[in-house]
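# Provided below are the primary sequence and the corresponding predicted coordinates.
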Protein chains: 2
Amino acid sequence: MGVDCRGVPGFPGEGHDHRECVGQALDRAAEHCRRKSLRLTPLRRKVLELVWIGHRPMGAYEILASLRHERQGAAPPTVYRALDFLIAQGMVHRIEHLNAYVGCTGPDHPHAGQFLICRSCGLAAEINDSRIDDAIQDSATEAGFSVGRRTIEVEGVCPNCAGAKD
Amino acid sequence: MGVDCRGVPGFPGEGHDHRECVGQALDRAAEHCRRKSLRLTPLRRKVLELVWIGHRPMGAYEILASLRHERQGAAPPTVYRALDFLIAQGMVHRIEHLNAYVGCTGPDHPHAGQFLICRSCGLAAEINDSRIDDAIQDSATEAGFSVGRRTIEVEGVCPNCAGAKD
DNA sequence: AATGTTATGTTATACTATTACATTAATCAG
DNA sequence: CTGATTAATGTAATAGTATAACATAACATT
């Protein structure tokens, strides 16, 4: 019991133990920061926790509202700065077409995020399919274009929601 | 003379006749609307023209500022509504990670936009590589996910700018 | 403790986009 | 053609997202 959230593909199914899942994400973050001598401050840790608790793309102001439950005076820069740090460390990705932020399973294998985002339940599954990366790389190379940051976001319907219709 | 802009891959090179290029885009739009009994009103036509004249992703308020040169009272909804129409018709795409809009060569072959965007000159080339689409489709299918709208945006350096460094 | 650096607090503002309602223009039935 | 209907645009206000600028606090190093 306690299916972890790191499975790819990543729509959490029935047996999902969410408390465990969030805990693991925070542990991985702490370990990562320890190894790189970075400071996972209480604020950064809390923002990461809030993003993971949602387990779906969350808006910055939504995160801010949650954060205020325990930090009254929190203002937009508070959360944006924490997100900047977490994104730079690969612990959070930004979903461009939602203006939202979602936890990443970790910076261990660095990657550009590729996301499947369900229009019905709002969950986002991160995939990291080298076939997609390769296809982009090939196509760009043929155009003489050197590839930097990639934004791959696929909106659609996840298996859980498709199943629910029956 | 008069290399048209429709070449894929699409970073316009030396011989690019931009006036011609914009004209062709407007002609294609007019033809498309005629066939589908849609109204390419002066406003919509002008917004499309402005986007094409830039030939790069342009912000809505940047478009608005240009539009005001001939329509004093223009307000945000003016341009957003025109963009909504043009996007729905596949004549313009939105670049999510820039909050910007760019002309598309046309709705003739319907497609989700795939973009190579140069961080140096700001130009965006639309590619439509079925290998990328296929890879995404395969990966999503394996995850049980049914694919809808896709956002594929690759930031990097275009061949013109890479060459200029030498 | 003194210093430099990093992180956070705080206020204000910039940028992006939409709501709501009024007005004008095109379309169409009779 | 007239009036009814729909589509498009004008206009004002506001919602939502993000950053700039500067002050203060916490941490790290000597």
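Received it, and whenever you're ready, just let me know what you need. Residues are numbered from 1 along each chain as shown, chains lettered A, B, ... in the order given.
# For stretch A:27-44, list the C-alpha coordinates in CSV.
Output of stretch A:27-44 as CSV, limited to C-alpha atoms (Å, rounded to 0.1, in the frame of the first residue of the first chain):
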residue,chain,number,x,y,z
ASP,A,27,12.6,14.1,1.4
ARG,A,28,14.0,14.1,-2.1
ALA,A,29,14.1,17.9,-2.1
ALA,A,30,15.9,17.9,1.2
GLU,A,31,18.4,15.4,0.0
HIS,A,32,19.0,17.3,-3.2
CYS,A,33,19.6,20.6,-1.4
ARG,A,34,21.9,18.9,1.1
ARG,A,35,24.1,17.5,-1.6
LYS,A,36,24.3,20.8,-3.5
SER,A,37,24.6,22.9,-0.3
LEU,A,38,21.4,24.8,-1.1
ARG,A,39,19.1,26.1,1.5
LEU,A,40,15.7,24.5,1.6
THR,A,41,14.3,27.1,3.9
PRO,A,42,11.0,26.7,5.7
LEU,A,43,9.4,29.0,3.2
ARG,A,44,10.7,27.0,0.2
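# Can you give me the buried ones in it?
Within stretch A:27-44, the residues that count as buried by 16 or more other Cβ atoms under 10 Å in any protein chain shown are A:28-29, A:32-33, A:40, A:43-44. The way it works is simple: take the backbone N, C-alpha and C, and place the C-beta from them, glycine included.
# Excluding chain neighbours, what is closest to A:N99?
Nearest residue to A:N99, sequence neighbours excluded (Cβ to Cβ, 6 or more residues apart in numbering or on different chains): A:G59, at 6.3 Å.
# low-scoring stretches of chain A, by residue?
Scanning chain A for pLDDT under 70 picks out the ranges A:1-10, A:106-110, A:165-166.
# Please enumerate the helices of it.
When assigned using DSSP state H, the helices of chain A occupy the ranges A:18-35, A:42-54, A:60-67, A:76-88, A:130-142, A:159-164.
# Ranking the ones you listed by mean neighbour count, which comes first?
Sort those by mean neighbour count, taking mean count of other Cβ atoms under 10 Å in any protein chain shown, and helix A:42-54 sits at the top with a mean of 21.
# So which residues on chain A come close to chain B?
Within reach of chain B by Cβ under 8 Å from any Cβ of the partner chain, chain A has these residues: A:9-11, A:96-97, A:114, A:116, A:118-119, A:125, A:127, A:129, A:131-132, A:134-136, A:138-140, A:142-159, A:162.
# Phi, psi for the residue in chain A positioned nearest to DNA strand C please.
Relative to DNA strand C, the nearest point of chain A is A:G73 (2.8 Å; Cβ to the nearest atom of the strand). Note on A:G73: its backbone torsions stand at phi -80, psi 10 [degrees, to the nearest 10].
# ok, so what distance separates it from A:I63?
Distance, A:G73 to A:I63, using Cβ to Cβ, to the nearest Å: 15 Å.
# next one: A:C33
In this view, A:C33 and A:I63 are 19 Å apart by Cβ to Cβ.
# Equivalent analysis for A:I53, please.
Counting by Cβ to Cβ, the gap from A:I53 to A:I63 is 10 Å.
# Ok, which of the helices of chain A comes nearest B:Q89?
The minimum distance between B:Q89 and the helices of chain A falls on helix A:130-142, with 25.5 Å, by Cβ to Cβ.
# Can I get the helices of chain A in TSV including distance to DNA strand D?
As requested, the helices of chain A are exported to TSV (distance: least, Cβ to the nearest atom of the strand, whole Å):
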stretch	distance to DNA strand D
helix A:18-35	11
helix A:42-54	8
helix A:60-67	4
helix A:76-88	4
helix A:130-142	23
helix A:159-164	22
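# Let me have those in JSON lines, adding distance to B:V22 as columns.
Formatted as JSON lines, these follow (distance: least, Cβ to Cβ, whole Å):
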{"stretch": "helix A:18-35", "distance to B:V22": "49"}
{"stretch": "helix A:42-54", "distance to B:V22": "44"}
{"stretch": "helix A:60-67", "distance to B:V22": "38"}
{"stretch": "helix A:76-88", "distance to B:V22": "38"}
{"stretch": "helix A:130-142", "distance to B:V22": "26"}
{"stretch": "helix A:159-164", "distance to B:V22": "43"}
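# mind checking which of these is nearest B:R81?
Proximity to B:R81, assessed across those by Cβ to Cβ, is greatest for helix A:60-67 (25.9 Å).
# Specify the angle between that closest one and helix A:76-88 in degrees.
Using axes from the mean of the first three to the mean of the last three Cα atoms, to 10 degrees, the inter-axis angle of helix A:60-67 relative to helix A:76-88 is 110 degrees.
# Give me the residues contacting helix A:60-67.
A:46-47, A:50-51, A:54, A:74-76, A:78-80, A:83, A:99-101 (Cβ atoms under 8 Å, 6 or more residues apart in numbering or on different chains).
# Just the closest of the residues you listed to B:I87, please.
Nearest to B:I87 among the contacts of helix A:60-67: A:N99, at 17.4 Å, using Cβ to Cβ.
# how near is the closest one to A:L48?
Per Cβ to Cβ, A:N99 is found 19 Å from A:L48.
# same question, A:C21
From A:C21 to A:L48 the distance is 13 Å (Cβ to Cβ).
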